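**Q** Build the 3D model from these lines:
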Amino acid sequence: MKFFGSSKDEKSKKTVLFVCVQNAGRSQIAEAFFRKYAPNNYEALSAGTEPVGNLNPLAIEAMKEVGIDISKQRPKIITEDMIRQSTARINMGCIQRESCPTLFIHDVSDWNIEDPKGKPLEKVREIRDVIESRVKELVTSLSQTSRQINF
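**A** Predicted structure coming up:
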């Protein structure tokens, strides 16, 4: 019998960590899209080097427009455990070079996506759509890799 949330299930999960400086927009959007599209054996997590108190309200609004509620998510600080336990690490882009996650996270892919902070809703929607596209590409890549390993 298989129990939901059993330790065996948890250990078989692979984590994709989405990082940025404030963890208030891009990385939260990416986490939400990855949760929607991810293969069954993957989970998403996002964090920042200098997380702020709340998510960008326009990021919340833009995601609600596509049927995803991120209003309950909270910015989190990157921890060594998050880095160590992640299968893949994605940097969304950096607004502050001295706080950029790429300075201390090895084997990180940098998507260099524009920061939605201070942008109008129309621009946040464009950024959201770019992130969704990149997440879908990542999911396709992970799915193909998983199939190759299983054969």
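
**Q** what's the spacing between the longest helix belonging to the chain and its chain's center?
**A** Of all the segments of type helix in the chain, defined by DSSP state H, the longest one is helix 121-150. Its chain's C-alpha centre and that of helix 121-150 lie 10 Å apart, by CA atoms, centre = their mean, to the nearest Å.

**Q** Rounded mean pLDDT for it, please.
**A** Along helix 121-150, the predicted confidence averages to a pLDDT of 87.

**Q** now swap in stretch 46-57 and tell me
**A** Across stretch 46-57, the average pLDDT comes to 95.

**Q** what does that stretch rub up against?
**A** Contact partners of stretch 46-57, identified using CB atoms under 8 Å, 6 or more residues apart in numbering, comprise 17-25, 27-28, 30-31, 70-71, 73-79, 82, 96, 99-101, 116-117, 124. The C-beta positions use only the backbone N, C-alpha and C, and glycine is treated the same way.

**Q** Which ones among these lie within strands?
**A** Among the contacts of stretch 46-57, the members falling in strands (DSSP state E) are 17-20.

**Q** Just the buried subset of the contacts of stretch 46-57, please.
**A** Burial by neighbour count, 16 or more other CB atoms under 10 Å: within the contacts of stretch 46-57 this picks out 17-25, 27-28, 30-31, 70, 73, 75, 78, 82, 100-101, 116-117, 124.

**Q** Mind giving me the packing neighbours of the longest helix of the chain?
**A** Packing partners of helix 121-150 (3 or more CB pairs under 8 Å, 6 or more residues apart in numbering; DSSP states H and E): helix 26-37, helix 57-64, strand 88-91.

**Q** So which other helices or strands are in contact with the shortest one?
**A** What it means is strand 88-91. On the basis of 3+ CB pairs under 8 Å, 6+ apart, strand 88-91 makes packing contacts with strand 14-20, strand 108-110, helix 121-150.

**Q** so how far is I90 from F34?
**A** From F34 over to I90 the distance is 9 Å, taken as CB to CB, to the nearest Å.

**Q** which residues are in contact with both of these two?
**A** Common neighbours of F34 and I90, using CB under 8 Å, 6+ apart, are 16, 18, 138.

**Q** what sits against L58?
**A** 116, 119-121, 124.

**Q** Make JSON lines out of these and add distance to P57.
**A** Shown next, in JSON lines, are those (distance: CB to CB, whole Å):
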{"residue": "P116", "distance to P57": "11"}
{"residue": "K119", "distance to P57": "12"}
{"residue": "P120", "distance to P57": "12"}
{"residue": "L121", "distance to P57": "10"}
{"residue": "V124", "distance to P57": "10"}
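
**Q** Cool, thanks, talk later.
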